[in-house]
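Chemist: Sharing a model that was predicted from the sequence below.
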2 protein chains.
Amino acid sequence: MDLRSEIQKAIRNVPDFPKPGIQFKDITPIFESPELSKEIVGEFFRLFHDEEIHAIVGIESRGFLFGLPLAMELGIPFFLIRKKGKLPADTVSYKYDLEYGSTEMEIHKGSIKPGMKVLVHDDLLATGGTAAAAAELIKMEGGKVAGFSFLVELKQLKGRDRLSTYEQPIVSLQSYD
Amino acid sequence: MDLRSEIQKAIRNVPDFPKPGIQFKDITPIFESPELSKEIVGEFFRLFHDEEIHAIVGIESRGFLFGLPLAMELGIPFFLIRKKGKLPADTVSYKYDLEYGSTEMEIHKGSIKPGMKVLVHDDLLATGGTAAAAAELIKMEGGKVAGFSFLVELKQLKGRDRLSTYEQPIVSLQSYD
């Protein structure tokens, strides 16, 4: 079985989460298989090890899961992007709109050095709002976006279009129409 | 330099976070070094690979960071413990008291199989309330606690005493008086 099919098989559809009508793609069963988890990190490594990438940012909290192992495998720094108020030291923050209301993401100031090429990592590409916020934080710190990596992409939410103004590639290991 | 000193050197003291008078131990600079991150996972591996451990639970969200790589290295499943409402499928939950008010942690139902020996992993051992909640969730699912692993321990908060009723060992790679 190829990796894409293995991921698809492991992902659990949860109806009506977080609200009625939404089919949530639950990736947590993937982590129950150390073999599949290793294959996923290995696949991301193969896709990105020839790119010029100096660091990875992982988005709270599921973006921490494969983000750090990938950074360790690539031998580059890993930085956390978290919701406002969670990172203890000095931060820069970026506010963006959600379907209802807005939210604010932060990164520690000074982690990204000017000119650094930084890969954005998260588990899921939906509308792309959070990934775009991560890209803005990278730019605010003087870094460059090196691309985006997601485990899963929900194509109908057009996150790929939203991210088209940033540096490519945009990689997802499994996508749903 | 030994690992303990390297960890200590990387950890950043942030005064008055999350509230005045608290010296917060910020572990995020550790992830900026892939070498140190690998050494830490390697050290946890050395400490636990001879133990009978069938799975690891990682506590949201910093417990995800070394929890998954350690599970991958040990070749065992990794389960997420999250705050109430974050896990999409059916859960069991455990409520416990904080300094002010209470909180509730959850795990997906059926992940832990009866008799499974499960290691609790988190970044920090403070009062031990959250780690004890994780241990209770393991027991509610019919599993057994295989021990506890933390990156950092704040000794004066006596979390080790709080966890003494559970299975040992309780391991922390760096501790502060």
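Modeler: Received it, and whenever you're ready, just let me know what you need.

Chemist: Next one: A:E6 relative to chain B, how far apart?
Modeler: Separation of A:E6 from chain B (Cβ to the nearest Cβ, to the nearest Å): 15 Å. Where you see a C-beta, it was placed from the backbone N, CA and C, and this is true even at glycine.

Chemist: any idea how far the residue lying closest to that residue once chain neighbours are set aside is from A:G21?
Modeler: Leaving aside its sequence neighbours, A:E6 sits nearest to A:L36 (Cβ to Cβ, 6 or more residues apart in numbering or on different chains; 5.7 Å). Counting by Cβ to Cβ, to the nearest Å, the gap between A:L36 and A:G21 amounts to 29 Å.

Chemist: Can you mark which positions in stretch A:97-111 are buried?
Modeler: A:M105, A:E106, A:I107, A:H108, A:S111 (16 or more other Cβ atoms under 10 Å in any protein chain shown).

Chemist: And for stretch A:158-175?
Modeler: In stretch A:158-175, counting by 16+ other Cβ under 10 Å, buried: A:G159, A:R160, A:R162, A:L163, A:Y166, A:E167, A:I170, A:V171, A:S172, A:L173, A:Q174.

Chemist: Filter those residues down to the ones in strands?
Modeler: Among these, the ones falling in strands (DSSP state E) are A:I170, A:V171, A:S172, A:L173, A:Q174.

Chemist: I'd like those residues as a markdown table, with pLDDT and distance to chain B appended.
Modeler: Output for these, formatted as a markdown table (pLDDT from 0 to 100; distance: Cβ to the nearest Cβ, whole Å):
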| residue | pLDDT | distance to chain B |
| --- | --- | --- |
| A:I170 | 97 | 24 |
| A:V171 | 98 | 20 |
| A:S172 | 98 | 19 |
| A:L173 | 98 | 16 |
| A:Q174 | 97 | 17 |
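
Chemist: Just the closest of these to A:P77, please.
Modeler: Of all those, A:V171 has the smallest distance to A:P77: 19.7 Å, by Cβ to Cβ.

Chemist: does that closest one have beta-bridge partners, and which?
Modeler: A:S149 (DSSP bridges).

Chemist: residues touching it, list them.
Modeler: Contact partners of A:V171, counting by Cβ atoms under 8 Å, 6 or more residues apart in numbering or on different chains, are A:F44, A:L47, A:F48, A:G147, A:F148, A:S149, A:F150.
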